[in-house]
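Trainee: Attaching a predicted model along with its sequence, questions to come.
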Amino acid sequence: MTSWPHIRFPIISEPAIYILTITFRGLFTALHKYPRLHTLDIPLDTVNIDIDHTDESFQHASLQELILATSRISNAEAVAPIVFSVFPSVDQVSPGRKRPTRGCIEVQRRRERFRFRAL
């Protein structure tokens, strides 16, 4: 467990099963243990959003790629500002090795829009 802060590329997914998801609040709590995380592939609950990104002071600056292949994204408009504000270094919200879903493409497009507005 002492090496956990050094983990950079964890993959927590099961392609055939979409039952287990992690909330944003649970993800943020876990990310405190991974300060050097670069890429994250995780089934994230993007339907029941349990945080308000405008009140959230947590930022994870080392994360550069967020893979949402196993996340069912129904509201990209709500997910994109969270990704933009909490993960400022994320260059890509991707489907990983899978075909991009409409939700994943929409989150990436909206995240890029936030990024350009901030410049």
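Mentor: That came in fine, so what should we check first? Numbering: from 1, shown residues only.
Trainee: quick one: pLDDT of Q108?
Mentor: Looking at Q108, its pLDDT stands at 88.
Trainee: contacting residues for it?
Mentor: For Q108, the contact set (Cβ atoms under 8 Å, 6 or more residues apart in numbering) comprises 92-94. C-beta: built from backbone N, CA, C; applies to glycine.
Trainee: what's the answer for T54, then?
Mentor: Contacts of T54 by Cβ under 8 Å, 6+ apart are S85.
Trainee: hmm, try it at 10 Å
Mentor: 81-82, 85 (Cβ atoms under 10 Å, 6 or more residues apart in numbering).
Trainee: and the lowest-mean-pLDDT helix or strand in the chain, what does it pack onto?
Mentor: The weakest-scoring helix or strand in the chain, judged by mean pLDDT, DSSP states H and E, is strand 92-94 (a mean of 82). Using 3 or more Cβ pairs under 10 Å, 6 or more residues apart in numbering; DSSP states H and E, the elements in contact with strand 92-94 are strand 39-41, strand 65-67, helix 76-86, helix 102-118.
Trainee: Any idea how far the second one is from the middle of the chain?
Mentor: In other words, strand 65-67. How far strand 65-67 lies from its chain's middle: 6 Å, per Cα atoms, centre = their mean, to the nearest Å.
Trainee: On the pLDDT front, check I11 for me.
Mentor: What the model reports as pLDDT for I11 is 60.
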